[in-house]
Structure formats: structure tokens, C-alpha cells
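Participant: Prediction below, plus the sequence it came from.
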Amino acid sequence: MNAIHRRQFLQRAGLSAATLPFITGLPSLGLAAPARPRQRLVIMFSPNGTIPDAYWPDAEGKDFQLKEIMSPLAAFQDRMLVLRGLSNKVRGDGDGHMRGMSCLLTGIELFPGNIMGGGGQPAGWAKGISIDQELKNYFQGKAETRTRFGSLEFGIGVTDRADPWTRMSYAGPNQPVAPISDPYQMYGKLYGQLKDKENLQSVLDDVREDLKKVRKLISAEDARLLTEHETLVKQMEKEIADSSRQKLRATPPTLEEGITDQNDNLPCLSRMQIDLLVNSFVNDMARVATLQFTKSVGGARMNWLDIKEGHHGLSHEPDKNTDAVAKLTKINKWFCGELAYLVEKLSRTPEPGATGTMLDNTLIVWTNELGKGNSHTHDNVPFLLVGGGFGFQMGRSLKFDKVAHNRLHLALAHAVGHRLETFGNKELSSGGPLKLA
């Protein structure tokens, strides 16, 4: 039964919309929607563009060879989907880095503002929601996909400064979502003290009268199922109210103590955050996550790679500077190695309560705010998809002709059943979702 028919049923029965999650699975009412497999999304960001000759495969289709930057993912080539030719076509206020970052996941313009960009181009925050938060809201709107947090925003080396260069997730217009760069803080958020019972409003209290009405419309067998649903929800509420009784599928990872949020600790911080991300997925605390390495104009010094110059400064060097190109290739390969660590960890983790691995049901999107650092182009923005669960045909390298990246966001939404007609700037959604299946 579709959403319109469900609303009509609620109106005829005199029920509130809050009752729907409790009754959609009752067979005699005919409201049940087809079950969907578990789906998760991770969006990983690294800054300052890529080195095209060391990144993009030459061939299209399934017969493609990985270049140097993507080589850490060689074992997962059949689980990869390389998308070349996607462009961030959002224009308006702000400089290239600002729009590259804050329009990356929103696909919509920045508000006018007084945050000064490069070249005297000021702007404010983005005018709309980001795709990660859009899908979070979609999942949280259904009982079968609702989780404790909905989404989690992990950072590695993101500065405390809040501006359009440092934020890619938006809960809505003018609502940037800050990533958490401190793994100890993230650990506390995931496993620390939860709200006590006095501050927790019972969902069942809001719909108790509606459930009485429903009982008059259903079979005896469904009444028994409804009682089981009520019992389960009460149990969940009690566990949430008392963190000491919270049941975890997997114990939290052990974090090394005393790792400060400093440049030279980025490799260790990265692994700590990735371990927390995977564990949060195992415990079904969220279905959506972002993993943000530094920020747009990120100037990390990769001393662990024996590179002393800052990343952003190197990215401005001309192509003829072969030493800079080699160092940038090494930097981007390191980011890919961190992605490979995440992918491998998911591939070795069994899917809780089902067959296969967590990678089978998790799609990771690795992207950037620029196509190339020294030109600040928004064409050929790197979009690499790894994993499964979204129904895309993986193991391919595809080339498009300056297609607006809004259409990829639409494809992600449609893959989870969220049938958006447009996302972000409506004009840039023309053509609908990319056909990746």
C-alpha cells in the first residue's frame, strides 16, 4: 500500500500518523510495505582536488586498470564504481573552495554573507539540506530503519573554526552540522550516559488511545502481534533510559589513550575514528555517516609520508613541478589507504543477524571539493563508490560529460526508496537520477 492509501486509511479510522509505525506490519490491515535489506551510507571527504593522471582509469566499463592513487583498493576493484565527469555546477556567492565544500553535498547555492572568501568573495552558509542528512531523515522517519542517532559525523583534523570551508553536512538551510574530530568525544557520545528516564517521553503514551482503536479493526492474531510490538518498544525505552543496561551487539573498541588532536597524530586519529564508525554500524546506532579528513583548503603536513609542505600549498603548484605532483599523488594515495582500511574492516565484519558482510550493505562515497587543486575546477570532481547494498552495478569505470553532481545525490536517494524528483538546485537536477544499476 502506498503512502497516499495509508493516509486515507488513517483518516477513515480516525487515527493519528504517529500510529502508523506500530500497525504497518499487521497482515490483516494490508498496510505492510515490502521489506528492504539493510542499507548504510558513508561519505568520505578529502580536500584540495586530485592528480587526474594518477587517479582516473583510462578505460571505461569493467576492463579498467587502477592508477597509483587508487591502488590500495586493488583487492576491491570488483566492488568499485568510478564516476568521471561529474561537475559541481552550483554558482553564486563565495569562492571556489567555499562552494566546493558547502555545495558538495547540498547541491545548492550559499546564502549571501560576511564570511570573506579568497579574492574578496564573501558568502554565508548553504541554502539547503545535504544528501547525508536528507537520507538520515528518511531512515529516521520509518520504524524499521530508525536508529539511535540516525547519522554520525566523524572528523579527522578538522579545525574548530566554523565556516563554509569546514562544513559539508547541513541539517537544513543555514544549519551546518559540525563533525566531531576528537575520538574520545565521539566515544562518549556513542557509549556515554544517555538521557535519564525523567527526560524521556514515552512514544506509547502519545498513541495509546489510537492503539485501542486499532485493536477493534484487526484480527486476534494481529492483536497478539501488536501486544508484542508494545512490549518491545517498552523494553527499548527502558534500555535507552538506563545506559547501564544497554545491550550492544559488539563491545566498543579500545582507544589508545592520550592521542591529541594534532597534525602528526592524524594517522592514529583516522584509525580510531574508523574503528568507532564501524562499531557504531555494528550496533546499529546509525545508518548514515560522514568521514571528513581536514577541510577545504586543508593544510595538513604529512610528516609521516616524509612530506614537509602543507597539503593546500602543494596543491597550488603548477603541473610542471614534478616533485609537487609526486607528493600530491602520495598524499591522495594515503587517503585512499585509509578508505581501504574502512572497506576491509567492513568486509571482515559479518552482517549482524543476516548473511554476508557489512560491506555488502554499506556504500562508501569518496569525494573532494575540487577536481584539481591548482585550477580550482569544479569539473571532474572525484566520486568513487565502494561497497554494496544500493543496487548499483559495481566493478565499472564510467565517464560522463559534465553531468551535475545533483543527479548522483538523486540516485543515492532513489536507491534507498526515497523517490525525490529534485535535490538541491532544481535546475541542476534536470535529467533525474544517474542510471547506475
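Facilitator: Looks like it arrived, so ask away. Numbers count the residues shown, from 1 in each chain.
Participant: buried stuff in stretch 139-152?
Facilitator: Judged by neighbour count (16 or more other CB atoms under 10 Å), stretch 139-152 contains these buried residues: 139-140, 145, 147, 149-152. C-beta coordinates here come from the backbone N, C-alpha and C atoms, glycine included.
Participant: Oops, could you answer that again for stretch 406-424 instead?
Facilitator: So, applying 16+ other CB under 10 Å, buried residues of stretch 406-424: 406-416, 418, 420, 423-424.
Participant: Which of these fall in helices?
Facilitator: 406-415 (DSSP state H).
Participant: Measure how far the host helix or strand of residue 326 is from the centre of its chain, please.
Facilitator: Per DSSP states H and E, residue 326 falls inside helix 322-347. Relative to its parent chain, helix 322-347 has a centroid offset of 19 Å by CA atoms, centre = their mean, to the nearest Å.
Participant: Counting by contacts, list what that helix packs against.
Facilitator: Contacts defined by 3 or more CB pairs under 8 Å, 6 or more residues apart in numbering; DSSP states H and E place helix 322-347 against strand 40-45, helix 52-55, helix 266-282, strand 286-293, helix 311-315, strand 362-367, strand 383-387.
Participant: Of all these, which one comes closest to residue 342?
Facilitator: Nearest to residue 342, of all those, is helix 266-282, at 5.0 Å by CB to CB.
Participant: how about the CA coordinates for the closest one, as CSV?
Facilitator: The C-alpha trace of helix 266-282 is given here as CSV (Å, rounded to 0.1, in the frame of the first residue of the first chain):
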residue,chain,number,x,y,z
LEU,A,266,46.2,12.2,12.0
PRO,A,267,47.1,8.6,11.0
CYS,A,268,46.3,7.3,14.5
LEU,A,269,43.2,9.5,14.8
SER,A,270,41.9,8.3,11.5
ARG,A,271,42.1,4.6,12.5
MET,A,272,40.4,5.4,15.9
GLN,A,273,37.5,7.2,14.1
ILE,A,274,37.1,4.5,11.5
ASP,A,275,37.1,1.8,14.3
LEU,A,276,34.3,3.8,16.1
LEU,A,277,32.4,4.3,12.8
VAL,A,278,32.3,0.5,12.1
ASN,A,279,31.4,-0.3,15.7
SER,A,280,28.5,2.2,15.6
PHE,A,281,27.2,0.5,12.5
VAL,A,282,27.6,-3.0,14.0
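Participant: what does it contact?
Facilitator: The contact list for helix 266-282 (CB atoms under 8 Å, 6 or more residues apart in numbering) reads 40, 42, 149, 152, 154-157, 181, 183, 186-187, 190, 249-250, 252-253, 255-256, 259, 261, 286-287, 289, 291, 293, 300, 304, 338, 341-342, 345-346, 349, 352, 358, 362.
Participant: for residue 390, what are its contacts?
Facilitator: Each residue near residue 390 by CB under 8 Å, 6+ apart is listed here: 39, 41, 363, 412, 415-416.
Participant: If we use 10 Å, what do you get?
Facilitator: Going by CB atoms under 10 Å, 6 or more residues apart in numbering, residue 390 touches 39-41, 81, 361-363, 365, 411-412, 414-416, 436-437.
Participant: Please tell me how far the residue nearest to residue 314 when sequence neighbours are not counted sits from residue 297.
Facilitator: Residue nearest to residue 314 in three dimensions, not counting chain neighbours: residue 324, with 5.1 Å by CB to CB, 6 or more residues apart in numbering. Distance from residue 324 to residue 297, counting by CB to CB, to the nearest Å: 17 Å.
Participant: Have a look at those two and say which one is more surrounded.
Facilitator: A side-by-side neighbour count of residue 324 and residue 297, using other CB atoms under 10 Å, places residue 297 first with 25 against 21.
Participant: wait, residue 307 sits on residue 301?
Facilitator: Yes. Counting by CB atoms under 10 Å, residue 307 touches residue 301, with 7.0 Å between them.
Participant: Number of residues surrounding residue 182?
Facilitator: Using other CB under 10 Å, residue 182 is surrounded by 17 other residues.
Participant: how near is it to residue 160?
Facilitator: 10 Å.
Participant: can you check residue 222 too?
Facilitator: Between residue 222 and residue 160 the distance is 53 Å, computed by CB to CB.
Participant: So the two - more neighbours on which side?
Facilitator: With neighbours defined as other CB under 10 Å, residue 222 and residue 160 compare such that residue 222 has more, 18 against 8.
Participant: Good, wrapping up.
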